[in-house]
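Asker: Attaching a predicted model along with its sequence, questions to come.
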Amino acid sequence: MYLYLYNSANIDITSISEGIEKTFPVKVAYKGYKEVPLEAFHAERKQWYAPVLLSLLIEKPSIWIVDVDIYTNGMNFIFGLAGGGKAIVSSYRLGSIGMVGKEVTHEIGHIFGLPHCKNRCVMQFSNSLIEAIEKPSWLCNACKKKLEHKINI
C-alpha cells in the first residue's frame with residue numbers, strides 16, 4: 001500500500017501505517033509529498049474535486065491523505081473517496097489523527113471491496129462529522145469475515 005501526503009503536517013505517518021498494517025494484509029510504503037493540482041479546485045465551492053485527485057494516483061493500492069476540503073457529485077463534502085484500488089482521505093474536517101486513521105481504514109476497506117455497513121463498524125457511511133465521530137474505528141465481525149473471504153479468493 002503506497003501512502004502519500006499533501007500538506008498534512010499533523011499526520012503521524014508511523015501511526016497511520018501501523019493502523020493500516022494491523023487491519024489489512026498489506027505493508028505500507030510511504031512515498032512522500034504529492035502536490036494537489038489547481039485544475040481540481042472548484043473556485044465557487046472553494047473545494048477540490050475528489051475524482052480528479054483520485055485519478056492522479058497511479059500506483060495501486062494507494063492512499064493519499066490531503067488537508068484540503070474535498071467533494072464529489074451530489075455531496076456538499078466528503079471525508080474520503082475510493083475506487084480502482086486507490087483512495088483519498090481529507091483531514092480538512094476531521095481534526096484529530098484518530099479521526100484521520102478511522103477514515104483511512106474506511107477507505108482502504110473500500111479498496112478491498114467492503115461496502116458500507118449498517119452494523120456498528122468503521123465501514124458505516126458518515127454524512128457528518130458527528131456520524132464519523134460516533135462510528136467505531138474497527139471492522140465489525142461481519143466485515144472482518146467479508147475481508148477474509150475477499151483476501152482468500
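Answerer: Here it is on my side, so go on. Numbering: from 1, shown residues only.
Asker: In this structure K135 contacts N119, no?
Answerer: No. Using Cβ atoms under 8 Å as the test, K135 is too far from N119 to be in contact (9.9 Å). Where C-beta positions appear, they are placed from N, C-alpha and C, glycine not excepted.
Asker: who has more neighbours, the two?
Answerer: Using other Cβ atoms under 10 Å, the more surrounded residue of K135 and N119 is K135, with 20 against 14.
Asker: Spatially, what comes nearest to the more buried one if we skip its sequence neighbours?
Answerer: Of all residues not flanking K135 in the chain, Q124 sits nearest, at 4.4 Å (Cβ to Cβ, 6 or more residues apart in numbering).
Asker: Pretty sure that neighbour sits in a helix.
Answerer: No. Secondary structure of Q124 (DSSP: H, G, I helix; E, B strand; the rest coil): coil, not part of a helix.
Asker: Can you tell me how far it is from I133?
Answerer: 12 Å (Cβ to Cβ, to the nearest Å).
Asker: Counting neighbours, go ahead and name the busier of those two.
Answerer: Using other Cβ under 10 Å as the criterion, Q124 and I133 rank with Q124 on top: 19 against 14.
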